[in-house]
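>>> Predicted model, plus sequence, below.
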Amino acid sequence: MRIGPKLYGAALALSLCLPMAAHGAEAAGKKAPAPTPLSAYELYRLYGDKTWIWNTGGGRFSDDGRRFVAWVNDKGKQSFAEGRWVVDDLGQLCMRATWTNAEGAARASTCFGHRKIGSTIYQRRQPDGKWYVFRHGSGREDDEVSKLVPMDTVSAKAHDLKQILLGQEVTRKGG
């Protein structure tokens, strides 16, 4: 395949200009800072002994044994989860739990990545969610991090739902 002379000229000019433009940006000090992963300690401080309030329910990150408990009511379909939460120095928080609803139970692992640039923290659902601002450097009321609250609004609801769902399961098996 042959490249036409006009395309060849344009490609040559572009290949010569891009390195000079990149060098100019570096020389001018305009290189954007690279995002760095939050440490396990930083993630622990963010989530430890907090409840993450979701539109459909919430999840509780207990310090005691790194227990994770959650409940959701999504369009009338209720479920609860029990398991553990883990963090690592690669900026990852994972909730590993068994989710139970009226149809049964299944294990699931849901992970979120965290990166920071300066004091701004970005988050995405792993492995391929889109990055978004989790906490602005100056902090804003509508930041997702503001949905992490110290009070436990989850455990009692999850416990009650567990009693209802497991009671239904016992009735189905016994009847």
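Okay, I see it.
>>> Go ahead and flag the most central residue of this structure.
With distances taken as CA atoms, centre = their mean, the residue of the chain nearest its centroid is Phe112 (2.9 Å).
>>> show me the contacts for Phe134.
Counting by CB atoms under 8 Å, 6 or more residues apart in numbering, Phe134 makes contact with 114, 121-123, 143-145. Using the backbone N, CA and C atoms, a C-beta is placed for each residue, glycine as well.
>>> Now do Asp64 against Asp152, distance only.
Distance from Asp64 to Asp152, counting by CB to CB, to the nearest Å: 11 Å.
>>> buried ones in the strand or helix carrying Tyr41?
In this structure, Tyr41 sits in helix 40-47 according to DSSP states H and E. Using 16 or more other CB atoms under 10 Å as the test for burial, helix 40-47 gives 40, 42-44, 46-47.
>>> can you check stretch 119-127 too?
By neighbour count on 16+ other CB under 10 Å, the buried set for stretch 119-127 is 120-124.
>>> hmm, who's touching that stretch?
Contacts of stretch 119-127 (CB under 8 Å, 6+ apart): 35, 38, 92, 110-116, 130-137, 144-145.
>>> could you redo the last one with a cut-off of 7 Å?
Applying CB atoms under 7 Å, 6 or more residues apart in numbering, the contact partners of stretch 119-127 are 35, 38, 92, 111-115, 130-137, 144.
>>> repeat for stretch 146-162
Taking CB under 7 Å, 6+ apart as the rule, stretch 146-162 contacts 46-47, 49-53, 58-60, 69-71, 78, 80.
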